[in-house]
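**Q** predicted structure and sequence below. I'll ask about it afterward.
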Amino acid sequence: MATSFLSRKADSGLGNIRASPADPSRNIDWVLMSVQFVLTAMGFFVVFSASRTRISDDPYAFATRQVVFAIIAVVVMFIVMAFDYEWWKDRAAFLYGVTLVLLTLLFLLGVAAGEDKISFDLGPFNFQPAELAKFTTLLMLAAYLSEERSEEVTYARFLGGLMIVGAPAVLVIIQPDLGSASVLVSMAMGVLLVAGAKARYIALITFLSIATVMAAFVGRLVNSYQAARIRALINPDAASGDDLYQAENAMRAIGTGGIWGKGWLEGPLTNGRDIPVMWADFPFAAIGEQFGLVGASVVLGLIAIALVRIWRIAHLARDLLGLYLCAGVFSMLLWQTFQNVAMTLQIMPVTGLPLPFISYGGSGLIVYFAMFGLVQSVHMRRMR
Amino acid sequence: MAADKRTARLGVLALVATLLFGLVGARLWFLQTVEQEALQEKVNTTKLRTVPLLPERGRIFDADGRIVADNERVLTVAVDWQVIRRSDDRAEIFRRLSGWVDVPVEEMEARFDSQVYSPFLPMPIAEDIDERTATALKERVEDLPGVTIIEESRRVYPYAPLASHVVGYMGRITAETKDVYQDAGYYLNERVGQFGIELSMEEELHGNWGSVTYEVDNASRIVREVSLTPPINGNDVQLTIDLDQQQYAEQALETQLRRRSLEYSTNPLDPETKFQTLVFPDYPRQVPFKAPAGAVVVQNHDNGHVIALASYPTFDNRWFESDLSGGKFEEIFPSVDEFGEPIDPDESILVNRAIQGRYNLGSTFKPFTAYAALNTGLLSVNDYYVDQGNYRMTSVPDDQCDAGLVRCVYKNATCSGTGRSCVYGAVDVETALAVSSDAFFYRVGELLMTENDYQPVLQEQVRLFGFGADTGIDLPFEFDGTVPDAELKAEYAELGVISEAEGAGYYTGDNVQLAIGQGLLSASPLQLAVGYSTIANHGFVMKPEIIKAIYEPGVPDALEPGFADISQARLAVEPNIDGEVVRQISMPQAIHTEISEGLRRVIQGPGTTSDFYHSTTGEKLFYFYPRSAIPVAGKTGTAQGAGNYPWNDSSAFAAYSRDPARPYTVTAYLEKSGYGSQGAGPVVKCMFLQLSGIAPTDPVVLSDPLDAESEVAAGPKRLADTSCYDGRFSNVRTTE
C-alpha cells in the first residue's frame, strides 16, 4: 500500500505489526531529508539578507514568499514519496507529454508577445516549465532506459534516450534558457553513464551539446546578455557593461568575506545594489560575504552530504529504475550547484541557474523537493 | 546488473563530483584568503559615476517641411560641483578660468550662488565658447581640475521672426514651474518651452535623458563603463501652419496697420445741434487711428487645420536664445513706458492676439444671432422688419423708458451720407445681414429674450458655435471668451469691472446689445474663425488643429536648405487627417441658405433701397475682387472702443470661401482701426487673393542672422505689393 506510512497508527506499545523493517515508512533517509531542510532554512536567511535592501516597501517580501514556496515544496515531496517510484514510472509518458506541451505553449506565447518568455504568469507565482522538465524528463528517461534489462545501452536505445532529452532541451534553449538546458544535458549524461553507455556515446552527447550552443549563438537564439556574459568570461578586458560588473562584484563580495565573513546583514556589497537579482542568481556571494569561507564551506558541505546520500541510495536501489533516478538527481544537483557557485567565483559564465535549495524561486525549490522525494521513494522501497 | 559494474560507473560520477567540488573549493579558498585584501582594496576604491546624457530636442516643421525650429551644437564650459565646494578652491579655479572664457569672476560667483543650476550636472561657467578655447581648456586639464567641456544644443529658428507667436520660445525653468519639471525628471539647468508650440508640445519635443555609469578609481579615472542608457531624442512636430500663407498674413496685417495709423477718423458733427458742433468737442475734427495691434487667422474649414495665425506686434523668437542681459531685454520687450508707467496693453508683444485677444466682435457676431433666431423658430426666412434707423424696446413700459430708468432706444450706426442713423426700411434676415441692420438685430435680441420666458436662449445657441469656451487648439494661454449672462455679470460686478447695480441681473437691454456683438461679449479671432467655419461647413464645429503630424526623432534634412525630408519621416502618432469634430450642430439647408446668402451679399451686393440705395458693408471693398479668385462670403464688424470715440473703434472682418475645393475661413481683427470694411476687411481680402494665387507673394526665405544691435523685437514686415488693398470706394460708405 503506497500511502501506508501516512496512515500509520500510533504505536500501541506492543509494536506495530504492520511496520516490518521493510515497510517504506520506516526507511526514510533522515540524513538526506535533514540536510535538505537545513539548506532550505538557510536559504530563507540568505534570500532575506540579499533582497531586503532592494525592495522599498517590504523587506520581508521575498523571504516570506520563499517560506510559502518551501511549505508547498514539502507537501509536494511527501506526495511524491508516498507513491512507489514504479507508480511514477507508469505516468512518466503522460507527465513528459504535458511538459512538452507547456514548453511549446510558452514558446508560442512568447513569439506572439514578441518577447523572450521563460515562465507562465500565474498571478502570485511565476511557473517555469523548464523546472518541471527537469523532473519529468528524468522520469521519462529513467523509465525508458530501465525497460531494457541489460548492463549495456544499445545504440538504438541510446538514440531514443537522446531524443527524450533532446526535445525538451531544444525547447528550453529557444526560450532562451541555456542554463536549464545544461541541467537537462548533465542529467542525461549521468543517467546514460550509469546505464552503461559507451564512452563514445557520452562523447557524442558532449559534442551535440556544444554544437547546439554554437547553433544557438549563430541563430541568435541566445539573448544578447547571455552572449555578452560568455564573452565577458572569455575575454574580461574587452567586455564592458553590467554583466561583467555584476559578476565581478559577486566575486568581490565573496573574496572580501574572508575566513569568517563580515557577519549577518553586515555585507556592504550584499546590502548595496551592485549585484542585480542577487537573491536568485548570486546567493552564494551573499553567503561568502557574510559568513566567509566557513559559511560557504558549510553550505557546500551540506550539498556534498546530500550528494553522498543520493549516491549511496543509487547503490542500494533494488532495480535499474531506482538507480537511474538517483543518478539523474545526483547529476543535476551536482551540475547545478557547480554552475551557480562557479559563476559566482568567475570560473564559469553567468547563467541564470539558481543554487538548489538556497536561491529564491518557487518552481526550482518545488522541483528539487519533488526529485528528492523520488530519491526517498527509491530508498524507502529498496528492500521490497 | 553486476554490482561491480554499477559501482564502477557510480564511481565515475563520484569522481566527477569530487573534481568539481575540489575546483570550487580551491577557488573559494584562494579568493577568501589569498585574494581577500586585494579585493577589499578594490571595493574600497571603486566608485560609480553617472553622467546624464542629453536628449536632442525634437524639431518643428511647417506644413511644407520647412524647419522652423532646429538645434545647433554649442560648447559649454562647466565645472564639477565637487571641486568648487570650498571657497578658496573655487576662487582659484574661477580666477584661472576667467581669462580663458572672458567671464568675470564675480559673474561666476553669482552663478554659483544663484541656485538655478542642477546639483546633478556640472555648473555651467560660459556657454557657446568657440572650438579653439575648448581645445585649449582641454589641454590644460591639469591646471583646471573638474573643468569639462559639455556639448549642448541650442535652439535656432531659421525662419524667425515668422510665426514666432506660434512656434514660441524657450527659457530657463522658473521658480514657479520648478516642481513640475523636477517631478517630470528634468534637470534644473534645462531650458524648456515657455510659449507657443515649444511650450504646448514640450512633452513631445523634449525626449528622455539617458545616462552612462562609469566605474572610477580613487583618482576619478574611468575604469570601465558599467551601464549605458542611451537618451531618447524628442519627437519632431509638424505644424499645419504654412509659412507661405503665414508670411503673407503677417505682412498684410502689419502693412494694413501701418496704413491705418496714417489715416484719420472723423470727429462727427452733432445732428442734435444741426451739425453746428462736434460730437466730441474735446477732440479735433480729424483724429488719427492708433492701429497698434491685430491678428489674422486662416483656417481650413473642412478639417479645422490652422494655416496661418498672425499676431501684431510680433517679435523675433531668437532673442530668447541670444543670452540677453536684463537691460537689453527690457529695451526690446518693455514692461514700462518712458514715464515708468506699465506699458499700454495695446503694445504688449508677447501675446498671441489670435488666440489670446479678448475682443468685442461687433457685427461679425450677427450671423450667430440670426442662426439663434432661425434655429429656435423665432424668425422664418420670410419675416420682415421695417428698420427705421433706431429701435425702441417694446417689452419695457413707456413710463420706465420715459423716466430714464431703462435705456429703451438703440440707434443704428451713422450714415455718412446723412450724418444720421441709417434707415434701411423693410429687411429680412438675409438683407439685415447684408447691410448690417442694427435695428433688425436689436429686435431679435429683445424677442429672443421675451418670447422665451427670459431664458438665455441666445447664449445657448451661440455657445454651440464655440463662443464662451476655449477652442482646444494646442497652444498655451488660450482665452476662453465670454458670452454675457447673469453669472458673468455677477462675476464682473464682484471683480469691479461693472457696477453693482448693473451686475444685479441680466436684462433685456443686455440681450439687445449682445445681438449685435456688443456689451460683455468677447472672443478671440480664432473663436470667430471657428464660428464662421461652422457656418461654412454646414454645422460642424471643428477643433482648430495646429499639429499636422508628430514624427519619430531623426527626420533627415532635405537637399533644399531649410527643409526637412518629410518623405523619410516615420509617424510617431497616427494623425487625424480629417480633423476633430467637436460637435455637429443643427443647420437645416433653409437656415444655411439664408445666412450664407446674406454673407455672400455682404461681399457681392446688392444692398437695399429705402431713402436711397444702401450698399452692403463689403460691396465696395470687393468691387474689384476678381472673378477668378476664391468666391467668398463674409461679414464686417466694428467694435465700439473706450469712450465710444470713432477712432477707438476696432475693426473685424470674417469671411469664408464658397468654393468647396478651397475651403478657407479667414478672420482679421485690427485694434483701434475704425470700421470693419476699412481696417480688417482689406486684410481678409488680400489674404483670399493670396490663397487664390492672385496676389503677388514674397518667397519665404531663410532669415539673416539676428541683429544683436537692434532695438526692436522684430524688423518690419511689409507687403511688397499693396494693390490688393485697393477698394476704390471703400471709405465712402461708413455704416456697418
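**A** Perfect, I can see it now. Just so we're clear, the structure is a prediction, and the values are computed from it rather than from any experiment. Numbers count the residues shown, from 1 in each chain, chains lettered A, B, ... in the order given.
**Q** name the residue of chain B that lies nearest to chain A.
**A** Using CB to the nearest CB, the single residue of chain B nearest to chain A is residue B:39, 3.6 Å away. (C-beta placed from N, C-alpha, C; glycine too.)
**Q** the residue in chain A that chain B sits nearest to and residue B:456, how far apart?
**A** For chain A, the nearest residue to chain B under the criterion CB to the nearest CB is residue A:255, separated by 3.6 Å. Using CB to CB, to the nearest Å, one gets 82 Å for the distance from residue A:255 to residue B:456.
**Q** tell me the contacts of residue B:550?
**A** Contacts for residue B:550 were tallied using CB atoms under 8 Å, 6 or more residues apart in numbering or on different chains; they are B:204, B:235-238, B:571-573, B:575.
**Q** quick revisit: leaving out chain neighbours, which residue sits closest to the residue of chain B closest to chain A?
**A** Spatial nearest neighbour of residue B:39, excluding adjacent residues (CB to CB, 6 or more residues apart in numbering or on different chains): residue A:255 at 3.6 Å.
**Q** next step: the contacts of residue B:550 restricted to strands.
**A** Taking DSSP state E, the ones among the contacts of residue B:550 that sit in strands are B:236-238, B:571-573.
**Q** and residue A:271, how many neighbours?
**A** With neighbours defined by other CB atoms under 10 Å in any protein chain shown, the count for residue A:271 comes to 18.
**Q** how much space between it and residue A:42?
**A** Taking CB to CB as the measure, residue A:271 falls 19 Å from residue A:42.
**Q** residue B:80 now?
**A** 46 Å.
**Q** which one's more surrounded, these two?
**A** Under the criterion of other CB under 10 Å, the comparison of residue B:80 against residue A:42 puts residue A:42 first, with 19 against 16.
**Q** can you list contacts of the helix or strand where the more buried one lies?
**A** Assigned by DSSP states H and E, residue A:42 belongs to helix A:30-51. The set of residues external to helix A:30-51 that reach it, using CB under 8 Å, 6+ apart, is A:59-63, A:66-67, A:70, A:73, A:264-265, A:267, A:270, A:278-279, A:282-283, A:286-287, A:290, A:299, A:302-303, A:305-306, A:309-310, A:313, A:356-360, A:365, A:369, A:372, A:375-376, A:379.
**Q** the same query, at a cut-off of 6 Å, please.
**A** When contacts are taken as CB atoms under 6 Å, 6 or more residues apart in numbering or on different chains, the neighbours of helix A:30-51 outside the stretch itself are A:62-63, A:66-67, A:70, A:265, A:270, A:278-279, A:283, A:286-287, A:302, A:305-306, A:309, A:357-358, A:360, A:372.
**Q** quick one: contacts for the nearest residue to residue B:542 once chain neighbours are set aside?
**A** Using CB to CB, 6+ apart and skipping the chain neighbours, the partner closest in space to residue B:542 is residue B:304 (3.2 Å). For residue B:304, the contacting residues are B:542-545, B:579, by CB under 6 Å, 6+ apart.
**Q** any stretches of the chain with poor pLDDT?
**A** The chain I'm using is chain A. Applying pLDDT under 70 to the predicted model, the residue ranges of chain A that meet it are A:1-19, A:56, A:111-116, A:123-124, A:217-244, A:273, A:384.
**Q** you looked at the wrong chain, it should be chain B
**A** Along chain B, the parts satisfying pLDDT under 70 run over B:1-3, B:216-222, B:417, B:727-736.
**Q** and it, what are its domains?
**A** The record's domain split for chain B, according to automatic domain parsing, is B:52-239, B:243-315+B:350-545+B:580-726.
**Q** any idea which of those domains is most buried?
**A** domain B:243-315+B:350-545+B:580-726 (a mean of 21; mean count of other CB atoms under 10 Å in any protein chain shown).
**Q** rewinding a little: in a markdown table, list the contacts of residue B:550 along with distance to chain A.
**A** Below are the contacts of residue B:550 laid out as a markdown table (distance: CB to the nearest CB, whole Å):
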| residue | distance to chain A |
| --- | --- |
| B:204 | 25 |
| B:235 | 23 |
| B:236 | 26 |
| B:237 | 28 |
| B:238 | 29 |
| B:571 | 20 |
| B:572 | 19 |
| B:573 | 21 |
| B:575 | 25 |
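**Q** so how far is residue B:305 from residue B:695?
**A** As it turns out, when the distance is counted by CB to CB, residue B:695 lies 21 Å from residue B:305.
**Q** next one: residue A:35
**A** Residue A:35 is 76 Å from residue B:305, by CB to CB.
**Q** likewise residue A:74?
**A** Computed as CB to CB, the residue A:74 to residue B:305 distance reads 69 Å.
**Q** now swap in residue A:159 and tell me
**A** Relative to residue B:305, residue A:159 is positioned 71 Å away (criterion: CB to CB).
**Q** ok, now how distant is the residue lying closest to residue B:503 once chain neighbours are set aside from residue B:502?
**A** The shortest distance from residue B:503 to any residue other than its chain neighbours is 2.3 Å, reached at residue B:493 (CB to CB, 6+ apart). Using CB to CB, we find residue B:493 at a distance of 7 Å from residue B:502.
**Q** residue B:657 too?
**A** 41 Å.
**Q** and for residue B:67?
**A** In this structure, residue B:67 and residue B:502 are 52 Å apart, going by CB to CB.
**Q** same check on residue B:510?
**A** 9 Å.
**Q** touching the strand or helix carrying the residue nearest to residue B:503 from outside, list them.
**A** Under the criterion of DSSP H and E, residue B:493 resides in helix B:486-495. Taking contacts as CB under 6 Å, 6+ apart, the residues outside helix B:486-495 that touch it are B:482, B:498, B:500, B:503, B:506.
**Q** of the residues you listed, which pair is most distant in space?
**A** The span of the contacts of helix B:486-495, defined through CB to CB, is set by B:482 and B:500 at 19.0 Å.
**Q** now check the lengthiest helix in chain A, is it near chain B?
**A** Among the elements of chain A assigned as helix by DSSP state H, the one spanning the most residues is helix A:283-316. Yes - Helix A:283-316 reaches chain B (CB under 6 Å from any CB of the partner chain) through A:293, A:296, A:307, A:311, A:314.
**Q** my guess is the last one contacts residue A:325, does it?
**A** No - the criterion here is CB atoms under 6 Å, and residue A:314 misses it with residue A:325 at 8.4 Å.
**Q** number of residues surrounding the closest residue to residue A:46 other than its chain neighbours?
**A** Nearest non-adjacent residue to residue A:46, counting by CB to CB, 6+ apart: residue A:283, 4.7 Å away. Counted with other CB under 10 Å, residues neighbouring residue A:283 total 28.
**Q** in contact with residue A:283, which residues?
**A** Under the criterion of CB under 6 Å, 6+ apart, the neighbours of residue A:283 are A:46, A:50, A:355, A:358-359.
**Q** now do residue B:305
**A** Taking CB under 6 Å, 6+ apart, we find residue B:305 in contact with B:240, B:545.
**Q** one more: the one 4 residues further on?
**A** When contacts are counted by CB under 6 Å, 6+ apart, residue B:309 is found next to B:166, B:297, B:354.
**Q** which strand residues bridge the second one?
**A** Each beta-bridge partner of residue B:297 is listed here, defined by DSSP bridges: residue B:309, residue B:667.
**Q** state the distance from it to residue B:540.
**A** Using CB to CB, residue B:297 is found at 17 Å from residue B:540.
**Q** go on, residue A:170?
**A** According to CB to CB, residue A:170 stands 60 Å off from residue B:540.
**Q** near chain A, which residues of chain B show up?
**A** For chain B, the residues in contact with chain A under the definition CB under 6 Å from any CB are B:1, B:5, B:9-10, B:14, B:17, B:20, B:24, B:27-28, B:31-32, B:35-36, B:39-40, B:43, B:224-227.
**Q** make a PyMOL selection of the buried ones in those.
**A** Once 16 or more other CB atoms under 10 Å in any protein chain shown is used to decide burial, the buried members of these can be selected in PyMOL as follows:
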select buried, chain B and resi 1+9+10+14+17+20+24+27+28+31+32+35+36+39+43+224+226+227
